[in-house]
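return atomic coordinates for the entry below.
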Amino acid sequence: ALRLSYLRAGGHDPAVLEQLLHLQLEATVLEKRTAGLRRGRQMAVPAEGPGTGTHGLDEALLAVELENRRLEDELLALKVRRERRVDAGSRAAQRHTEELARLQAEAGMLRCRAEQTRPWLHPRVFPRPIAPPLPP
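Reported below is the predicted structural model:
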């Protein structure tokens, strides 16, 4: 649960993930030991002898299980990063769209103002020519 909450919160530090997996391995080993002790107290004769080799299989199974969990954590971290990139991209696109709309509205207002002020401009008054007009 701790590992999942770390990943969902955006954590992706490999050292922290490795440490969380190590803690999970320790917790699993402790749980198996206490479960074995409880079984040993309940049963006077153990079901398996010490030389059957199931302890090695349990360790191998636990190692495979931990590797699977590590890979699942990696996949979850990759999915979270991908979703964040997609979210960031869509947010950036939305900001650009809003900025474009704002600029287009501002350009329209400026165009409108320019058209409103044009008729009120006085025509330029040029001074009369000093020389008489040239003959044709």
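
show me the domain layout of this structure.
Domain assignment for the chain, taken from the TED database, gives 1-40, 56-116.

export these as CSV, with columns for mean neighbour count, distance to residue 136 and mean pLDDT.
To be clear about C-beta, it is placed using only N, CA and C from the backbone, and glycine gets the same treatment. Converted to CSV, these look like this (neighbours: other C-beta atoms under 10 Å; distance: least, C-beta to C-beta, whole Å; pLDDT from 0 to 100):
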stretch, mean neighbour count, distance to residue 136, mean pLDDT
domain 1-40, 12, 87, 80
domain 56-116, 11, 41, 86
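
which parts of this structure are strands?
With DSSP state E, there are no strands along the chain.

ok, the most centrally placed residue in it - contacts?
Central residue check for the chain by C-alpha atoms, centre = their mean: the C-alpha nearest the mean position is that of residue 84, 2.3 Å away. For residue 84, the contact set (C-beta atoms under 8 Å, 6 or more residues apart in numbering) comprises residue 10.

do the same with residue 25
Residues counted as contacts of residue 25 (C-beta under 8 Å, 6+ apart) are 62, 66.

pretty sure residue 32 contacts residue 58?
Yes - at 7.2 Å, residue 32 and residue 58 qualify as touching, with contact defined as C-beta atoms under 8 Å.

quick one: distance of the longest helix seen in the chain to the chain centre.
With DSSP state H setting the assignment, residue counts place helix 54-117 as the longest helix in the chain. Mean-position distance between helix 54-117 and its chain equals 5 Å (C-alpha atoms, centre = their mean, to the nearest Å).

export the domains of the chain to a markdown table and tack on distance to residue 135?
Below are the domains of the chain laid out as a markdown table (distance: least, C-beta to C-beta, whole Å):
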| stretch | distance to residue 135 |
| --- | --- |
| domain 1-40 | 89 |
| domain 56-116 | 43 |
